[in-house]
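> Need coordinates for the below:
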Amino acid sequence: MLGDPVLTHRFEDGWDIPLLVWRAGSPLRAVSSGPLGGGVGVRHWVVNATVPMSYHRDDPAAHLAELADRLGLDGPGIGLLTGVDVAEVVTRTDTGVRAWVTVGLGTPLWAAAPAQPATPEQGATPEQGAAPEQGVAPGQGGTPGQGGALAQRVGTVNVVVYVPVALGDAALVNAVATATEAKCQAIGELGLPGTGTPTDAVTVLCPPAGRAEPYGGPRSTWGAPLARVVHAAVRDGGAVPCVPWSQRRSC
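So this is what the prediction gives:
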């Protein structure tokens with residue numbers, strides 16, 4: 001079982017910065033695209049940590065591991081980063097499936113955008129193999145004057161979902177696709193020109209034991225409520241103007 005996260009703070013760079021911590025009552029199977037604990041495996045906890053829009057570390061996994069150590073989290077876990085104030089997490093439940101989503105849609109883009117080769121002065125773009133900080137969109141992590149107007153537009157959607165039954169490997173992967181489709185549907189209904197942001201992440205967790213469900217698609221027994229909770233959370237969270245946590249703090 002995965003209950004609601006605890007909202008806490010850590011002192012970093014002179015600021016008290018919020019983060020959400022989920023502690024599983026017992027180890028769970030998970031699939032995640034997060035920078036820490038990504039892939040498929042058994043996980044004990046999840047952290048979704050706010051970072052300021054000036055975030056510039058190029059080792060997000062190491063940073064998240066440091067935070068987990070400071071929180072006393074044991075065993076393997078999952079770590080996510082975002083410029084959103086994680087205190088504004090949106091929670092939805094349907095048929096035992098639960099979703100917790102932090103929504104920043106200030107930098108929407110189309111997944112299949114035309115290629116834009118980098119110039120020697122620009123270096124590689126994220127699409128060309130660079131590793132931008134998870135949770136901070138390209139152009140948002142620089143110093144003032146480098147990001148322009150984009151520096152005040154937070155753009156990350158982090159999705160954490162708990163399904164109360166065991167899912168097979170294929171169903172876990174399918175559940176990620178279903179959650180992404182539901183997110184895209186919500187973004188379209190919000191009238192935004194894109195399918196997501198450059199740094200979105202999805203995490204799906206389930207019990208490790210029991211008969212494994214083979215399917216996670218949007219018309220499957222458990223994929224259908226998963227799609228509904230993610231859609232509702234992204235739609236409702238995206239309908240509210242999102243001010244980056246670090247900007248709100250400086251006001």
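> can we go C-alpha only for contacts and neighbour counts from here?
Will do.
> a strand runs through Gln116, doesn't it?
No: assigned with DSSP: H, G, I helix; E, B strand; the rest coil, Gln116 falls outside any strand and is coil.
> Let me see the backbone angles for it.
Backbone torsions of Gln116, given as degrees, to the nearest 10, read phi -130, psi 90.
> can you check Pro60 too?
The phi/psi pair for Pro60 (degrees, to the nearest 10) reads phi -60, psi -30.
> Now the element after the longest strand along the chain, going C-ward?
In the chain, assigned by DSSP state E, the strand with the most residues is strand 15-32. Using DSSP states H and E, the helix or strand that follows strand 15-32 in sequence is strand 39-50.
> And that following strand, what's buried?
40-50 (16 or more other CA atoms under 10 Å).
> got the CA positions of the longest strand of the chain in CSV?
Output of strand 15-32 as CSV, limited to C-alpha atoms (Å, rounded to 0.1, in the frame of the first residue of the first chain):
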residue,chain,number,x,y,z
TRP,A,15,16.3,28.4,1.6
ASP,A,16,13.8,26.1,3.2
ILE,A,17,12.7,24.1,0.1
PRO,A,18,9.6,21.8,0.1
LEU,A,19,9.6,18.2,-0.9
LEU,A,20,7.1,15.3,-0.8
VAL,A,21,8.0,12.0,0.6
TRP,A,22,6.1,8.7,0.1
ARG,A,23,7.2,5.8,2.4
ALA,A,24,5.8,2.5,1.3
GLY,A,25,4.6,0.3,4.1
SER,A,26,6.3,-2.6,2.4
PRO,A,27,8.4,-2.7,-0.8
LEU,A,28,6.5,-2.1,-4.1
ARG,A,29,7.2,-2.9,-7.7
ALA,A,30,7.6,0.2,-9.8
VAL,A,31,8.4,1.6,-13.2
SER,A,32,9.7,5.2,-13.4
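> now it against strand 39-50, angle please.
Orientation of strand 15-32 against strand 39-50 (axes from the mean of the first three to the mean of the last three CA atoms, to 10 degrees) gives an angle of 160 degrees.
> And strand 15-32, what does it pack against?
The contact analysis (3 or more CA pairs under 8 Å, 6 or more residues apart in numbering; DSSP states H and E) places strand 15-32 against strand 6-12, strand 39-50, helix 169-189, strand 201-206.
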